[in-house]
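In: Have a look at this fold, sequence not included:
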């Protein structure tokens, strides 16, 4: 478990990101579909945006916690997930489909 307050925040932000991601896929499995643009279906847009923002924020907070010598696996996981989300968004912007 994280030993610093920043580490605990990173863990909670990671949990929020994963919960919103699961909610997004729950909506997709329930039959929700996207439209022509990203904001066509707000039922899908809002959870995935919150998930991405929470993952990025958790990664940033995790880096700060890591600089304060918090070495928990939860902090390292938050940093990894945040980095993957940033790279995914950069790839989507660089190479749209």
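Out: On my side now, so go ahead. These numbers come from a predicted model, not from an experiment.
In: which residue is nearest the centroid of the protein?
Out: Relative to the mean C-alpha position of the chain, the nearest C-alpha, by C-alpha atoms, centre = their mean, is the one of residue 55, at 2.5 Å.
In: Next, the contact list for it, please.
Out: Applying C-beta atoms under 8 Å, 6 or more residues apart in numbering, one finds that residue 55 lies in contact with 13, 14, 17, 78, 81, 82, 84, 85. From N, CA and C alone the C-beta is placed, and that goes for glycine too.
In: gap between residue 75 and residue 4?
Out: Separation of residue 75 from residue 4 (C-beta to C-beta, to the nearest Å): 8 Å.
In: what sits against the closest residue to residue 58 other than its chain neighbours?
Out: Leaving out its chain neighbours, the residue that sits closest to residue 58 by C-beta to C-beta, 6 or more residues apart in numbering is residue 13, at 3.3 Å. For residue 13, the contacting residues are 54, 55, 57, 58, 61, 78, by C-beta under 8 Å, 6+ apart.
In: secondary structure element for the third one?
Out: Using DSSP states H and E, residue 57 maps to helix 42-67.
In: following that helix, which helix or strand comes up?
Out: Counting by DSSP H and E, what follows helix 42-67 is helix 73-94.
In: Just want the angle from that next one to helix 42-67.
Out: 130 degrees (axes from the mean of the first three to the mean of the last three C-alpha atoms, to 10 degrees).
In: What helices and strands are in contact with helix 73-94?
Out: helix 5-29, helix 42-67 (3 or more C-beta pairs under 8 Å, 6 or more residues apart in numbering; DSSP states H and E).
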